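>>> Everything below, folded, please.
(2 chains)
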2 protein chains.
Amino acid sequence: MPLNRSWVASANTPDTDFPLNNLPYGSFRAEDGEPHCGVAIGDMILDATALERDDLLRVEDEDEVFFFGDWTEFMALGAQAWDSYRAALTALLSEDAAEPEALVPYLVPQAGTTMLMPFTVAEYTDFYAGRHHATNVGTMFRGAENALPANWLSIPIGYNGRASSVVVSGTPVTRPWGQLKGPEDDLPRFAPCARFDLELEMGAIVGQPSEGMVDVARADEMIFGYVLLNDWSARDIQAWEYQPLGPFQAKATATTISPWIVPRAALEPFRTATPARERPLLPYLAEPGPLLYDIALEVALAPEGGAETVIARTNMNQLYYSAAQQLCHHTTSGCPMRVGDLLGSGTISGPDRDSRGSLLELSWGGKEPLTLEGGETRSFLQDGDTLTLRGAATGDGYRVGFGDCTGTVRPAPSDPLAP
Amino acid sequence: MPLNRSWVASANTPDTDFPLNNLPYGSFRAEDGEPHCGVAIGDMILDATALERDDLLRVEDEDEVFFFGDWTEFMALGAQAWDSYRAALTALLSEDAAEPEALVPYLVPQAGTTMLMPFTVAEYTDFYAGRHHATNVGTMFRGAENALPANWLSIPIGYNGRASSVVVSGTPVTRPWGQLKGPEDDLPRFAPCARFDLELEMGAIVGQPSEGMVDVARADEMIFGYVLLNDWSARDIQAWEYQPLGPFQAKATATTISPWIVPRAALEPFRTATPARERPLLPYLAEPGPLLYDIALEVALAPEGGAETVIARTNMNQLYYSAAQQLCHHTTSGCPMRVGDLLGSGTISGPDRDSRGSLLELSWGGKEPLTLEGGETRSFLQDGDTLTLRGAATGDGYRVGFGDCTGTVRPAPSDPLAP
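Here you go, the predicted model:
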């Protein structure tokens, strides 16, 4: 598929994340001080809330879908509204648009604009669908023979995370306190996390609710779009707490998502198949077609005041299970899914050392520290470090990206109970 | 503390769950077809939504707190509003009230009234604070030597559950499908759960939000009230899925809560201390006073068309950690807590066989089936079984209870994907 040209010139450059082919959804702090819904085009944001207010572009038959500056209401309207609004946006921003001048006052520069959470997270589930990641972590924790859990090749396993801790790119992340118990400790201590980490993931946003079980094809249709997702992880807290009930406080400090939700429609040209199955899947998890996406991903780390180093490069196609399979499995028990549920893919590591999506893996549990440009080394994150995830699918002369998904680590408070 | 007498005669009988000392909060389907907020008194419900609408009883300085028939907005107002409204209710329903006649039109009989979810569950966390339960389950799964997980005496461990699956008493519960793998199976199957179970728990409802960590005393103040809670559990799904990320679909079918939220204030006279500590707790978990409650609990099982058998009797005082300690621990990572968060205590089993809060324990993994009145036996739940949890604290001539927390098991669909 070629580039769709827009009258917004910056949308036609090959290095923008936001050509007309993309049109991702975000929320921003508008000049009136309120959250507005926006659509990224080149280096600008089209103000969907103001366009609706001024009756220049509405979702068909609907009033005030964007009044609160959050895309949740829009998602709830369903696929027909998603398609017709996207078609209307495409027409208005195309280089063939009849009256582009009318839209110019509704364009806000991305530079200097504060981005906000683009939707209300109903519940957050984090999966574990990266085979290299599961194998690496399993090898470190349980030895090479028991690396992959027995159920891993049959179940897209996951756990419920904490929706209240999901934040938008740019939000600082404070190093947590927690219960830690190292191999030399007889008893646990309450102390700041010393092994604070990132996890490079994709997030799928559920845009339609379910009652009862849904099949994989329907699950795919329920997905509104995708974000980049960094599931910040306190490895020392995790090691002591996670048996037998799974990760809890180790994953509850923050999960950062990209400012832009790339609609599923924008990713259609980049669909790719999950890998060959070592163990046949149960029939309910069979895929009706390619359900993953070919999205190149990278992680960059910049020490405070220092230059950025890309510490990992990988691809979403390294996942063993698609979001649609995970969502289908999530409904098997009858669990009702809701508009705004967020599904983390699990950490996406590739086969090579420099394609690993967490510092735990990159430094092999701290035994092989990374060297950054400038000479500093890292086993885990240090205060002041800024982490940035980037991702894009590449078409013929254009790319479809998510914008930077970034966060800076703030020091732990000296007393976590001080107000 | 003696009985506070009410002009509602049924509230003065020793066997009611709802004397004037209680005044629990619920939601019900009113005559106008809409959800209304209600307060239980004897065998009646006082219609708080109608009293507010008619300007007979308002929360101080507030309009339309009860308009939507849900107590979430009231909780968000905080402790001063909770206290003043409770005091006003107490005065209006007391036998010394000036004009009881004016309230009579606002009383609805509980019998025949449909109860609804009394609040909007923000997120649901299930803990594991019953020592006998953890020991029993651990013995069955890992052997007597490894029964209690290494972290159990230090951490009030828990996992995030699924808020969308929380339902009010009376809602039927459909036996789930899921991935199962028995000891004789080479590969997992997708089949209806054959080991469907209950878990007798208490639920604490978080009525105030947090930012950053809170101490145990503040956590206690944030708790609005308590409910009975049945965390329905698919043991065969759980056994195959729960390593290493914890329970997921096994716990996502349904969690049933009692129709009435008993305010913390009504339980004050029944406070009791957690047990002696085998291993000293870290200082952040120290209790400023007694934080548990002496609440007698029971589980009754009635086969379809058959008589009820009480299969377990225990007490909330069997918990090792209080809800305030769990809530404090929940915030250690900086995890933001929100109005409407629900915290399950964990299954409350006592030391004796007939004080075990799950069929998994009562039938010792199915090896020692229970015999019900009428002669039927049970290892796990059968279709048509009705489970009822009951609980009450006993004062001087009165009891403070929660109403029946009940649910009937419906058969699994023959095809879970059939519409």
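>>> May I have the phi/psi pair for the closest residue to chain B within chain A?
Per C-beta to the nearest C-beta, A:Gly246 is where chain A lies closest to chain B, at 2.4 Å. For glycine as for every other residue, the C-beta is placed from the backbone atoms N, C-alpha and C. Main-chain torsions, A:Gly246, degrees, to the nearest 10: phi 100, psi 180.
>>> Next one: it from B:Ile157, what distance?
Here the distance between A:Gly246 and B:Ile157 works out to 10 Å (C-beta to C-beta, to the nearest Å).
>>> Would you map the strands across the stretch 201-350 of chain A?
Residue ranges of the strands in the stretch 201-350 of chain A, as given by DSSP state E, counting those that start in this stretch, are A:223-231, A:233-234, A:255-257, A:262-263, A:271-272, A:292-293, A:296-302, A:309-315, A:342-344.
>>> Adding mean pLDDT, write those out as TSV.
Formatted as TSV, the entries for the strands of the stretch 201-350 of chain A read as follows, by pLDDT from 0 to 100:
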stretch	mean pLDDT
strand A:223-231	98
strand A:233-234	98
strand A:255-257	99
strand A:262-263	98
strand A:271-272	98
strand A:292-293	98
strand A:296-302	98
strand A:309-315	98
strand A:342-344	98
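>>> closest one to A:Ser355 among those strands?
With distances scored as C-beta to C-beta, the stretch of the strands of the stretch 201-350 of chain A nearest to A:Ser355 is strand A:309-315 (4.2 Å).
>>> Is there proximity between the helix or strand harbouring A:Glu73 and chain B?
Taking DSSP states H and E as the criterion, A:Glu73 maps to helix A:72-77. No. Counting by C-beta under 8 Å from any C-beta of the partner chain, chain B has no neighbours in helix A:72-77; the shortest distance is 14.5 Å.
>>> Which elements pack onto the one helix or strand in chain A whose mean pLDDT sits lowest?
Within chain A, judged by mean pLDDT, DSSP states H and E, the helix or strand with the poorest mean is helix A:131-142; its value is a mean of 93. When contacts are defined as 3 or more C-beta pairs under 8 Å, 6 or more residues apart in numbering or on different chains; DSSP states H and E, helix A:131-142 sits against helix A:359-362.
>>> hmm, the helix it packs on touching chain B?
No. When contact is scored as C-beta under 8 Å from any C-beta, no part of helix A:359-362 falls within range of chain B; the minimum is 14.4 Å.
>>> Packing partners of that helix?
Counting contacts by 3+ C-beta pairs under 8 Å, 6+ apart, helix A:359-362 is packed against helix A:131-142, strand A:309-315.
>>> circling back to that earlier point, any chance of the strands of the stretch 201-350 of chain A in TSV with mean neighbour count as columns?
Compiled in TSV, these are given as follows (neighbours: other C-beta atoms under 10 Å in any protein chain shown):
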stretch	mean neighbour count
strand A:223-231	28
strand A:233-234	26
strand A:255-257	29
strand A:262-263	28
strand A:271-272	16
strand A:292-293	26
strand A:296-302	21
strand A:309-315	20
strand A:342-344	27
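>>> Mind checking what secondary structure the closest residue to A:Arg58 other than its chain neighbours has?
Ranked by C-beta to C-beta, 6 or more residues apart in numbering or on different chains and with sequence neighbours excluded, the top spatial neighbour of A:Arg58 is A:Glu52, at 5.5 Å. Under the three-state scheme (DSSP: H, G, I helix; E, B strand; the rest coil), A:Glu52 adopts helix.
>>> Now that A:Glu52 has come up, it's in contact with A:Glu64, right?
Yes. Shown here, A:Glu52 and A:Glu64 form a contact pair, counting by C-beta atoms under 8 Å, at 6.9 Å.
>>> Please identify which of these two sits among more neighbours.
Comparing A:Glu52 with A:Glu64 by neighbour count (other C-beta atoms under 10 Å in any protein chain shown), the higher total belongs to A:Glu52, at 20 against 12.
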